[in-house]
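**Q** okay, here's the prediction I keep looking at, along with the sequence it came from:
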Amino acid sequence: MNALARHRYHRAAPVVLVLLLLGLIAGIAAAVSTASSAEATTATADDVTEGQKLFAANCASCHGLDAQGTDGVAPSLVGVGAAAVDFQVGTGRMPMQASGPQAIAKRPQFSAEEISQLAAYVASLGAGPAVPTAEQVDPELGDAANGMELFRTNCAMCHGSVGGGGALTQGKYAPNLWETTPTHIYEAMLVGPQSMPVFNDANIDPEGKRDIIAFLKAQDEGSPGGLRLGAIGPVAEGMWGWLVALGLIIASTVWIGARSS
Amino acid sequence: MGARLDSAAAGTANYIDERTSIGGFVKFFARKLFPDHWSFMLGEIALYSFVVLLLSGVFLTAFFVPSMTIVEYDGPLATMQGVEMSEAFASTLHMSFEVPGGLLMRQIHHWAALLFTAAIVTHMARVFFTGAFRKPRELNWLVGFTLMILSLAAGFSGYSLPDDVLSGNGLRIIEGVTRSIPIVGEYISYWIFGGEFPGEILIPRLFTMHILLVPGLILVLIALHLFLVFLHKHTQYPGGGRTHKNVVGLPLFPVYTAKAGGFFFVVFGIVALVAAIFTINPVWNYGPYDPSPVSAGTQPDWYILFVDGALRLMPGWLFDVIPMEWEIWGYTLSWNLLVPALILPGLFFGFLALYPWIEAWATGDRGEKHVLDRPRNAPVRTGIGVALITFYVVLVMEGSNDIIANLFHLSLNDLTYFFRIGIFVLPALAFWITRRICFGLQRKDRELVLHGKETGRIVRHEHGEYVEVHEPLTDEERWVLIQHDDIAPLEIEPEFNDRGVRRKGYRWDRFKQWLSRIYFEKRISPVTAEELAEAQHEHGHH
């Protein structure tokens, strides 16, 4: 065997190859995901025109060319406001990936600029809630303790005690809220997407909404008790108790009892 | 130094012995024999997690305030700042975030509680499947069963103490279930809660129950349980030289004192490790109790989950026509609570508690048993055991239906419909499949005894025939496979005597025969000495 072949058949070669491949994949993924983050500004007439073009090309097949909706397929978008568009398109729920119990969040299909153009177009059809300002959604300005009380009275029955998510009927679900941006959380409360009820400013005032965002952002710090097992309650704890705690201990009984009489 | 230490130890021992005559006891206990097997340590896990519970519990009682007086929170937790809560909840937060090591202790206590109940159930399953509950150990089975029920009471009362939203919802369910008891339910509920739910005296009452009453009873019953193990001597797995009349094993001292002592630290260590890594019962997430909010993922700890599952499983209307809530003369009879939360667990636990007597009576086997059954050699019992576990697991899964639906993107409603049918079909299926597997394993054992082990060596004879060489079992190996009893179903006297008169009690006998047939009608007999001799003779001809 010559030197080159020996290198090729080196024991570490497969491991090195796998690591290189993984690095390549991770690199490409990082490059792709950083490409899609920009910021939006105020709407102009140009935005509305551009938005209408985007709408006609991407949304009209279900919502109709005039955004009046189609019975049994898609609702009318007149009066839903820019906040609804920013939420639905900004979280990738729209355009819908597939029909199912509810639209699934995915990587957004449009850039921030395109989303704001779509939002400007839909907002021009009829008055509706606008995208909140940065100050309205700043968790630093919120009161997390008040947010806790508001959250558990209004949100926890579906999203779980700290926003870990939960099931609804017929395959629908309330998603996990830990990855959601403050703006999208605010918009969801404002417009009530899909199964979610609308929490207008009479239900929960803008300060209350910001308090809720502050409470949810407080969850980013993780749990003081260690890994939180999804924060979905005692079912996960029970499963881990059986599998990990009892599992490890039974494994050690087998080890201790190995020298059997 | 060594000599001085020895003489000091001997002197102390002598001093105590001369005043208590304890030497005889020590000798007796030190020489007590125990058979060795890893599965005999499952009960020890329960015992040691109980010790861990006592140790960590003493720490927690030093900081917990069992009071429902409302206070305003002022502490390091931003999400609770200025929130009104009971002192019980506030002191739980205080011990978690301000007492050094407090959160770790709380988590050790809670994980140890989950482990305690899980170990009891596992130990109970071992005793069930190996037939260790048979005469003379039926009473000890009952003591163990009571310990299991007490562990549920200990767990539930402790789970409710922090007075958080999650456990408060659990108590609300208990209140509803209590009220569903006909006629006296409302009175019992008022008596427990001191008036309307939640009242102001529940936490102190639960505290007394949790730190005094239940653990006291558990301690007494553990002593009784262990005393009976000493009295009956430990059971042993079948093997060479082991009979129903002896015990083959190692002495308590030094073998088991070392093993058991070391094992305590293994259990404590693993509980502490798990408690240090994984959050459990984060009451700061749930917030102080308030009867209005119920969050998604509201479930009890795993050991009560089956009751929650039964409640979720129960339809409000049977086949959409028969209501499960009746109104009789202005009184409400809630079958939809009574059946899943009281009648069903009652039947389940009742059957479990009485199983030793049910089996002894159905099989008519009344002998003392000290050698354990291999589960395959008792196919019906093993089948019943697996069916019970399946039944229980279906209830637990239904109790977790929202979590399962969310994690696996299933419809919550479809899951419930599936489990409503599954609760009847799956245990029956599990029984049937398990029994078949047992028969299959017994046939394999016969094969092994008669023809020996396959060696994988293929030999070609001169005339071209290929045969695989089989290696005969050693005597020890063979004994394990053929030692069990071969019990035939009950034979009964004929219905009419020779004068054509119908016998009294014939129907009863026929019922007992029917039961006996369930157990023994279909059976694979162990290889007899004649069969073995014949098989060996045949092999000689190859």
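**A** Yep, that arrived.

**Q** count of residues packed around residue 54?
**A** Chain wasn't specified; assuming chain A. 18 (other Cβ atoms under 10 Å in any protein chain shown). Every C-beta, even on glycine, is put in place using the N, C-alpha and C of the backbone.

**Q** actually chain B
**A** 15.

**Q** identify the residues contacting whichever strand or helix holds it?
**A** Per DSSP states H and E: B:L54 is located in helix B:42-61. Outside of helix B:42-61, the residues within contact range by Cβ atoms under 8 Å, 6 or more residues apart in numbering or on different chains are A:246, A:249-250, A:253, B:95, B:105-106, B:108-109, B:112-113, B:115-116, B:119-120, B:122-123, B:126, B:151, B:154, B:211, B:215, B:218, B:222, B:260, B:263-264, B:267-268, B:271.

**Q** stretch A:166-173 now?
**A** A:100-102, A:158-160, A:165, A:174, A:194-195, A:232, B:295-297, B:401-403, B:405-406, B:409-414.

**Q** of the residues you listed, just the buried ones, PyMOL syntax please.
**A** Filtering the contacts of stretch A:166-173 down to the buried ones (16 or more other Cβ atoms under 10 Å in any protein chain shown) takes a single PyMOL command:
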select buried, (chain A and resi 102+158+159+160+165+174+232) or (chain B and resi 295+296+297+401+402+403+405+406+411+412)
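
**Q** which of the contacts of stretch A:166-173 fall within helices?
**A** Counting by DSSP state H, the contacts of stretch A:166-173 place A:158-159, B:401-403, B:405-406, B:412-414 in helices.

**Q** check contacts around B:K233.
**A** Neighbours of B:K233 in contact, by Cβ under 8 Å, 6+ apart: B:33, B:247, B:370.

**Q** give the ChimeraX command for selecting the buried subset of those residues.
**A** Filtering the contacts of B:K233 down to the buried ones (16+ other Cβ under 10 Å) takes a single ChimeraX command:
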select /B:33,370
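
**Q** export the contacts of B:K233 to a markdown table and append columns for pLDDT and distance to B:Y15.
**A** Converted to a markdown table, those look like this (pLDDT from 0 to 100; distance: Cβ to Cβ, whole Å):
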| residue | pLDDT | distance to B:Y15 |
| --- | --- | --- |
| B:L33 | 88 | 30 |
| B:V247 | 90 | 34 |
| B:H370 | 94 | 39 |
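
**Q** quick one, grab the pLDDT at A:A29.
**A** The score at A:A29 is 75. That number is its pLDDT.

**Q** and it, what helix or strand is that in?
**A** helix A:13-34.

**Q** for that helix, what is the distance to the chain centroid?
**A** 25 Å (Cα atoms, centre = their mean, to the nearest Å).

**Q** and the helix holding B:L54, how far out from the chain's middle?
**A** The answer for helix B:42-61 is 17 Å, by Cα atoms, centre = their mean.

**Q** in contact with B:E476, which residues?
**A** Here B:E476 is in contact with B:239-240 (Cβ under 8 Å, 6+ apart).

**Q** where's it, which helix or strand?
**A** Per DSSP H and E: helix B:475-482 holds B:E476.

**Q** any idea how far B:G440 is from B:R446?
**A** 11 Å (Cβ to Cβ, to the nearest Å).

**Q** then A:Q68?
**A** The value you get for A:Q68 to B:R446, if Cβ to Cβ is used, is 77 Å.

**Q** returning to what we had before: more neighbours: B:G440 and B:R446, which one.
**A** Set side by side, B:G440 and B:R446 show more neighbours around B:R446, with 18 against 13, by other Cβ under 10 Å.

**Q** leaving out chain neighbours, which residue sits closest to that one?
**A** B:V527 (5.5 Å; Cβ to Cβ, 6 or more residues apart in numbering or on different chains).

**Q** got the CA coordinates for whatever helix or strand B:A387 lives in in PDB?
**A** Using DSSP H and E, B:A387 sits in helix B:379-399. The C-alpha atoms that make up helix B:379-399 are tabulated as PDB, following Å, rounded to 0.1, in the frame of the first residue of the first chain:
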ATOM      1  CA  PRO B 379     -48.900 -17.600  31.500                       C
ATOM      2  CA  VAL B 380     -52.300 -16.600  32.800                       C
ATOM      3  CA  ARG B 381     -50.900 -14.600  35.700                       C
ATOM      4  CA  THR B 382     -48.300 -13.000  33.500                       C
ATOM      5  CA  GLY B 383     -51.100 -12.200  31.000                       C
ATOM      6  CA  ILE B 384     -53.200 -10.600  33.700                       C
ATOM      7  CA  GLY B 385     -50.300  -8.600  34.900                       C
ATOM      8  CA  VAL B 386     -49.500  -7.200  31.400                       C
ATOM      9  CA  ALA B 387     -53.200  -6.500  30.800                       C
ATOM     10  CA  LEU B 388     -53.400  -4.500  34.100                       C
ATOM     11  CA  ILE B 389     -50.300  -2.600  33.100                       C
ATOM     12  CA  THR B 390     -51.800  -1.900  29.700                       C
ATOM     13  CA  PHE B 391     -55.000  -0.700  31.200                       C
ATOM     14  CA  TYR B 392     -53.100   1.600  33.500                       C
ATOM     15  CA  VAL B 393     -50.900   2.900  30.700                       C
ATOM     16  CA  VAL B 394     -53.900   3.700  28.500                       C
ATOM     17  CA  LEU B 395     -55.300   5.800  31.300                       C
ATOM     18  CA  VAL B 396     -52.000   7.500  31.800                       C
ATOM     19  CA  MET B 397     -51.700   8.200  28.000                       C
ATOM     20  CA  GLU B 398     -55.300   9.600  28.000                       C
ATOM     21  CA  GLY B 399     -54.300  11.700  31.000                       C
END
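
**Q** kind regards, and thank you for your time.
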